[in-house]
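# this one's sequence-less:
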């Protein structure tokens, strides 16, 4: 409220004539002014001892009083009468018994007691997105949680990503997560609000109605509602944008876990110096997850981060803090030979000899083993976001004295759920404190998701991630 008043005061110089805005400014200014004047300076209090919050409030009071003097001048007597009526209206509203939550609950179902859901579906693998994908509206009574002992939760989705991984799943290049059956709703993640839940969700997992939560779902994210067990939900701070939080769930979680794969002690993997003095090599750092790896590696104090890429992408890699390398091994291997602590290679299911030559003793190579690898091999040049298509396996080679591991964000989530939830909460904390900056390429309404898939099917790169905002009426940014 204080910010809105201050902003209105600054705009006042541009001759704002909207009386409703001016009335509300004065009404709220009176309330805040009274609160501040009730906190006089203490005897002997020096200006240098005033807290930043107190100093900001005092500066705001000067601006507010200036606004009030202009608004309440004799020439604005009619406006003063309107202000009095606004004050009375606000007092009446505050004393009413209006219950926002009850209103939301009444609006959750239609007159037949069914939940009206809108989602994207496809009923077969392959084909073009325009032919195979459609927007459907269903009356889904089954999504509602009617059993009070259930731990199921109904979430109203605020945002979910539309990624290359979704496109790979739709084409059959990647096994469908969680064994989902047709028709399938894409979207591997979501952020939303709990709208309906059983008592077990609250008692056993601390999840209550209207909590803001997120999870990795595999399928079902590009929808208005989704149902999920409370044990798989992670709380999301209300202060961070839903669009940014959605990118964290799969992309940044996969990047973080790939960098810390094999290290399961929280005090080590959640330490800001977990990668101190380490050197990291990322193949294809221009991808959305590649960029997340670069950002996180530098955040966790890696000494150097190298990334392969085409010459036209070198300036972007430099801006991210990485040292750009050519795509041919003859270009990059002489520079990094036997110097890397971590090598992340999303393009091969097994380490190449070049990767093994780049790793130093005690280091680790992270590869990704596709269950339908022959399809991926054909599309390797257009792959953008596909860390989550592997099963985890670790083996230490006796002759090489380094570790070779494979990673699958879905398997890791299912196999080490509590670790995954802890990692996700930690990443949300970094986002809240503005330590990381996920890049939103574009926000989309549900009907535009097929268009995003068409774009992702091509070889063009995007700077950031598509985010679906299912309750967006006009479709978000272009």
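Alright, I've got the coordinates. Given the structure is predicted, the values throughout are model-derived calculations rather than measurements.

# can you pull out the helices in the stretch 201-350 of the chain?
Counting by DSSP state H, counting those that start in this stretch, the segments of the stretch 201-350 of the chain that form helices are 242-247, 253-259, 266-269, 288-299, 314-320, 329-336.

# Residue 163 is nearest to which of the ones you listed?
For those, the distance to residue 163 is smallest for helix 288-299, at 7.2 Å, taking Cβ to Cβ. The way it works is simple: take the backbone N, C-alpha and C, and place the C-beta from them, glycine included.

# Mind listing residues that contact the closest one?
If you take Cβ atoms under 8 Å, 6 or more residues apart in numbering as the criterion, helix 288-299 is touched by 163-164, 251-252, 254-256, 258-259, 272, 275, 278, 280, 282-285, 305, 307, 317, 320-322, 342, 344, 346, 384-387, 430, 435-439, 462, 464-465.

# cool, and stretch 183-190?
Contacts of stretch 183-190 (Cβ under 8 Å, 6+ apart): 119-123, 133, 136, 155, 157-163, 165-166, 169-170, 176-177, 214-223, 226, 246, 249-250, 388, 449, 453, 468.

# residues touching the closest residue to residue 276 other than its chain neighbours, list them.
Excluding its sequence neighbours, the residue lying closest to residue 276 (Cβ to Cβ, 6 or more residues apart in numbering) is residue 301, at 4.5 Å. Residues in contact with residue 301 (Cβ under 8 Å, 6+ apart) are 272-277.

# Check residue 276 too.
300-303 are the contacts of residue 276 under Cβ under 8 Å, 6+ apart.

# If any of those residues are buried, give me the PyMOL selection for them.
Listed next is the PyMOL selection for buried residues among the contacts of residue 276, using 16 or more other Cβ atoms under 10 Å:
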select buried, resi 300+302
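
# Can you give me the separation between the residue lying closest to residue 125 once chain neighbours are set aside and residue 242?
Excluding the flanking residues, the one nearest residue 125 by Cβ to Cβ, 6+ apart is residue 172, at 4.0 Å. Using Cβ to Cβ, to the nearest Å, residue 172 is found at 30 Å from residue 242.

# Pull the number of nearby residues for residue 449.
25 (other Cβ atoms under 10 Å).

# for it, helix, strand, or coil?
In three-state terms, and counting by DSSP: H, G, I helix; E, B strand; the rest coil, residue 449 is helix.

# In contact with it, which residues are there?
Residue 449 sits in contact with 120, 133, 162, 186, 222, 468, where contact means Cβ under 8 Å, 6+ apart.

# Would you mind listing which of these are buried?
Buried among the contacts of residue 449 (16+ other Cβ under 10 Å): 120, 133, 162, 186, 222, 468.

# want to try TSV for those, with pLDDT and distance to residue 357 as columns?
Listed next are these as TSV, based on pLDDT from 0 to 100; distance: Cβ to Cβ, whole Å:
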residue	pLDDT	distance to residue 357
120	96	45
133	96	44
162	96	38
186	97	39
222	97	42
468	97	42
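
# What about the residues you listed, which are in strands?
120, 133, 162, 468 (DSSP state E).

# of all those residues, which two lie farthest apart?
133 and 468 (12.4 Å).

# since we're on residue 352, how many residues are nearby?
Residue 352: 16 neighbours (other Cβ under 10 Å).

# what bits of the stretch 351-478 of the chain have low per-residue confidence?
Within the stretch 351-478 of the chain, the segments meeting pLDDT under 70 span 369-400, 473-478.

# Not counting sequence-adjacent ones, nearest residue to residue 422?
Nearest to residue 422 is residue 266, by Cβ to Cβ, 6+ apart, at 6.3 Å.

# again with residue 310
Per Cβ to Cβ, 6+ apart, closest to residue 310 is residue 327, 6.3 Å.

# surely the one you found meets residue 307?
No. Assessed by Cβ atoms under 8 Å, residue 327 is found out of contact with residue 307, at 10.4 Å.

# so which strand or helix has residue 442?
strand 440-444 (DSSP states H and E).

# Can you tell me what sits against that strand?
159, 162, 243-244, 247, 451-452, 462-469, 472, 475-478.

# Quick one, which of those residues are buried?
159, 162, 243-244, 247, 451-452, 462, 465-469, 472, 476.

# Among those residues, which one lies nearest to residue 420?
Closest to residue 420, out of all of the buried ones among the contacts of strand 440-444 and judged by Cβ to Cβ, is residue 247, at 16.3 Å.

# Tell me the spacing between that closest one and residue 288.
Residue 247 is 8 Å from residue 288, by Cβ to Cβ.

# intersection of neighbour lists for those two?
Joint contacts of residue 247 and residue 288 (Cβ under 8 Å, 6+ apart) are 439, 465.

# Tell me how many other residues surround residue 124.
Other residues close to residue 124 by other Cβ under 10 Å number 12.

# can I assume it is in contact with residue 134?
No. Counting by Cβ under 8 Å, residue 134 is not a contact partner of residue 124; they are 11.8 Å apart.

# Now for these two: what residues contact both?
Joint contacts of residue 124 and residue 134 (Cβ under 8 Å, 6+ apart) do not exist.

# Name all residues that make contact with the closest residue to residue 332 other than its chain neighbours.
Spatial nearest neighbour of residue 332, chain neighbours left out: residue 325 (3.8 Å); criterion: Cβ to Cβ, 6+ apart. Listed by Cβ under 8 Å, 6+ apart, the contact partners of residue 325 are 306-309, 331-332, 335-336.

# Separate out the buried members of the residues you listed.
306-309, 332, 336.

# what two of the residues you listed have the greatest distance between them?
309 and 336 (14.1 Å).

# give the contact list for residue 134.
Contacts of residue 134 by Cβ under 8 Å, 6+ apart are 120-122, 450.

# Throw these into JSON lines and include distance to residue 351, thanks.
Shown next, in JSON lines, are the contacts of residue 134 (distance: Cβ to Cβ, whole Å):
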{"residue": "120", "distance to residue 351": "37"}
{"residue": "121", "distance to residue 351": "39"}
{"residue": "122", "distance to residue 351": "35"}
{"residue": "450", "distance to residue 351": "37"}
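
# Among those, which pair sits farthest apart?
121 and 450 (10.7 Å).

# where do the contact lists of the two overlap?
133-134.

# which non-adjacent residue is nearest residue 283?
residue 345 (4.7 Å).

# Quickly list what that neighbour is bridged to.
Beta-bridge pairing for residue 345 (DSSP bridges): residue 367.

# Fine by me, thanks again.
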